[in-house]
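Q: Predicted structure and sequence below. I'll ask about it afterward.
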Amino acid sequence: MRSERVTTCPGCNSEVLVYKARLEAVRRKYCSICVNHDMHQVYRKLVSKYNTNYVILDTLYNITECQCCKQQLENGGGPGIGSSNKRCIDHCHTTGKIRGVLCWDCNVAIGKLGDDLQGVNKAVAYLKQDEDEKYETSV
């Protein structure tokens, strides 16, 4: 005997009626609108990773330039892609909150600097050193 219950679509938070063979089965189901969304295969992974929804992800994917260096963005991202203008969703690793959309290079650079203002400020202080303190490069 199959049972039915109502669950919430993780993509848009609408109610979805789910038919289950077992009442204890608790897998969340997407509504038909979210399943048919052009970016469903990409978004469904990001919804749980960033605790977000399709409306916010649509907004982020409509941003066309890196919010740090202003370079034009492409969809995708990740190591070995071979392009620095791949879209990356930047987030705080402590809170999980999404900060914005960056190119691959800016996202990696911020991460390498410690993902906080202290690391960035150290890099800025280094770059601001007097020219006298720098090593001579002429022979």
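A: That came through, no problem. These figures come from a predicted structure and were not determined experimentally.
Q: Which stretches in the protein count as strands?
A: Here the chain has its strands, by DSSP state E, at 3-8, 15-20, 87-91, 98-103.
Q: now those strands in TSV, with mean neighbour count and mean pLDDT?
A: In short, each C-beta sits where N, CA and C put it, glycine included. As requested, the strands of the chain are arranged in TSV below (neighbours: other Cβ atoms under 10 Å; pLDDT from 0 to 100):
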stretch	mean neighbour count	mean pLDDT
strand 3-8	12	80
strand 15-20	13	79
strand 87-91	19	90
strand 98-103	20	92
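Q: Tell me how this protein divides into domains.
A: With domains defined by automatic domain parsing, the chain comprises 1-62, 64-128.
Q: Show the low-confidence segments of the chain, by residue range.
A: 1-2, 20-28, 75-83, 130-139 (pLDDT under 70).
Q: Which residues are in contact with the spatially closest residue to residue 55 that is not a sequence neighbour?
A: Leaving out its chain neighbours, the residue that sits closest to residue 55 by Cβ to Cβ, 6 or more residues apart in numbering is residue 12, at 7.0 Å. With contact taken as Cβ atoms under 8 Å, 6 or more residues apart in numbering, residue 12 is in contact with 31, 33-34, 53-55.
Q: I'd like the distance between residue 12 and residue 99.
A: Distance from residue 12 to residue 99, counting by Cβ to Cβ, to the nearest Å: 23 Å.
Q: thinking again about what came up before, ok, so of the contacts of residue 12, who is nearest residue 95?
A: Top of the list for closeness to residue 95, among the contacts of residue 12 and by Cβ to Cβ, is residue 53 at 17.5 Å.
Q: neighbours around that closest one, how many?
A: 17 (other Cβ atoms under 10 Å).
Q: List the residues that contact it.
A: Here residue 53 is in contact with 10-13, 47 (Cβ under 8 Å, 6+ apart).
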